[in-house]
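> give me the fold of what follows.
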Amino acid sequence: MSGKSLDIAFWNYDRTRALSDRRVRIEGVEPRYHTAQIVPQIFERMIRQRAYDVSELGLTYFLRTFANGPSPFLAIPVFPNRCFRHSAIYVGTASGIERPQDLVGRTIGELALYGHDAGVMPKGILSDEFGFRPERNRWIVGDIDFPMDPIDFVPHPHPAGVDVSMAPKGTDLGALLEAGAIDALISADVPRCVLDGSPKVRRLFPDYEAVERDYYRRTGIFPIMHTVVVTRELAEQEPDIVRAVYKGFCDAKATAVTELAHGMSFNNMSVMVPWLTGLLARDRELLGDDWWPYGMSGNRAAIDAVLRYHHEQGLTDRRFRAEEIFVPYLIDN
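Below is the predicted model of the structure:
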C-alpha cells in the first residue's frame, strides 16, 4: 500500500483495534500507529513534542491548548473514551457525607490536575442538579496508587477564589481518603481502597448504574472524555486525508460493535464477563444500536455540556462553541 505517511496515536481500545491490527485501512494513508502504557503519555507527546499527525487527546487537555490563542490542533468527531461519571465520586464513610449536598465546604481530592476529564463532568452535574459550587471546597490534586509524571505540559487554570493545592509527590489520594485526611475524591481511576472493599470508603452514589442510566434518560448525554485531534496544518491542507482518517476510526468502531452484537448469539463466550449479553441488550435498549456514537449529530448535547462546564469551572476564559474546535468540514457528520 502506498499513501500519505501519518503517525497516529491512541490507546489500545476495542474500538480502535481494527486500525492497529490493520483489519481496517485508511484510504490514501500509510499509517504508523503508536500507543503508550497510560494514555496521558500520548497526550504529553502530542502537546509537548507534536509527535503525531493524529492523536487521541483528553477534551480538557485539548481545550487548554487554546490558552494563548488558536490551538495547533483541531478535533474530528471521534470519541474513543467516554464514561458516565456519577461513579467517579468517592467519599469517606466517616465523613458524614450521605448526599451530594453534604459535599459543600469539604476537602476533596482530584486525580492528576484540577479539572481532569473525569472531574469536569461530575462537578458540572453536581452543580446543575444539586447546587454544588467548586469554589466552596478545598481541593488537593495528586495521584492514586501508582506514581504519575506531573501534568506540566498544559496550563493549570482555576478561578482565584478556588482553593487548590498540589499533594506532595508520592501521595496516594486513595490512602488519604481511607485515612480520613480528605473527605471525598473525584478520580477517573478507581482507587485501590475501593477495589479492595475497604469499609472506610464508598461511592457517593452507591447504586451508580441506576443513577447514571436515569441521567441519560433525562438528558440524552453520554459524557465524552477524549476526542481525536489532527494538526491544524493537516486539517487545512489535506481535507480528503482527514475525512479518510475520520472514516477509518468510524469503520474500526463499527467492527467492534459488529463483533459484540454478533457475539450475543453465542452468549459472548469469547469474553470473560458473565451476563455480558444481557448487559449489552439493556444498553442497546437505552442507548440505541449505535450506543457509542461518533459524529456531531449524536453528540451535540454531550459536547455542549463539557464546553459549558469547562468555562463555568474557570478552565477556559470563554465558552467555546463546537464550531471553533472541530474540523469545519466534519461538523455536519
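> correct me if wrong: G131 contacts R99.
No: in this structure, G131 is not within contact of R99 by Cβ atoms under 8 Å, at 11.4 Å. Where C-beta positions appear, they are placed from N, C-alpha and C, glycine not excepted.
> give me the longest strand you can find in this protein.
Looking across the chain with DSSP state E, the single longest strand is strand 73-82.
> show me what that strand is packed up against.
strand 54-58, strand 224-231, helix 232-237, helix 239-263 (3 or more Cβ pairs under 8 Å, 6 or more residues apart in numbering; DSSP states H and E).
> and the helices in the protein?
Counting by DSSP state H, the segments of the chain that form helices are 17-20, 39-49, 59-64, 117-130, 173-179, 192-195, 208-219, 232-237, 239-263, 276-287, 300-312, 322-325.
> next, format those as JSON lines and append mean pLDDT, mean neighbour count and distance to G3.
Shown next, in JSON lines, are these (pLDDT from 0 to 100; neighbours: other Cβ atoms under 10 Å; distance: least, Cβ to Cβ, whole Å):
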{"stretch": "helix 17-20", "mean pLDDT": "98", "mean neighbour count": "19", "distance to G3": "14"}
{"stretch": "helix 39-49", "mean pLDDT": "97", "mean neighbour count": "19", "distance to G3": "22"}
{"stretch": "helix 59-64", "mean pLDDT": "98", "mean neighbour count": "25", "distance to G3": "26"}
{"stretch": "helix 117-130", "mean pLDDT": "97", "mean neighbour count": "21", "distance to G3": "32"}
{"stretch": "helix 173-179", "mean pLDDT": "98", "mean neighbour count": "22", "distance to G3": "45"}
{"stretch": "helix 192-195", "mean pLDDT": "97", "mean neighbour count": "17", "distance to G3": "44"}
{"stretch": "helix 208-219", "mean pLDDT": "98", "mean neighbour count": "14", "distance to G3": "39"}
{"stretch": "helix 232-237", "mean pLDDT": "98", "mean neighbour count": "15", "distance to G3": "14"}
{"stretch": "helix 239-263", "mean pLDDT": "97", "mean neighbour count": "18", "distance to G3": "8"}
{"stretch": "helix 276-287", "mean pLDDT": "97", "mean neighbour count": "14", "distance to G3": "35"}
{"stretch": "helix 300-312", "mean pLDDT": "97", "mean neighbour count": "18", "distance to G3": "30"}
{"stretch": "helix 322-325", "mean pLDDT": "96", "mean neighbour count": "14", "distance to G3": "27"}
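> closest one to P72 among the ones you listed?
helix 232-237 (5.5 Å; Cβ to Cβ).
> what's that closest one packed up against?
Using 3+ Cβ pairs under 8 Å, 6+ apart: helix 232-237 touches strand 73-82, helix 239-263.
> other residues contacting that helix?
L6, D53, V54, P70, S71, P72, F73, L74, I241, V242, V327 (Cβ atoms under 8 Å, 6 or more residues apart in numbering).
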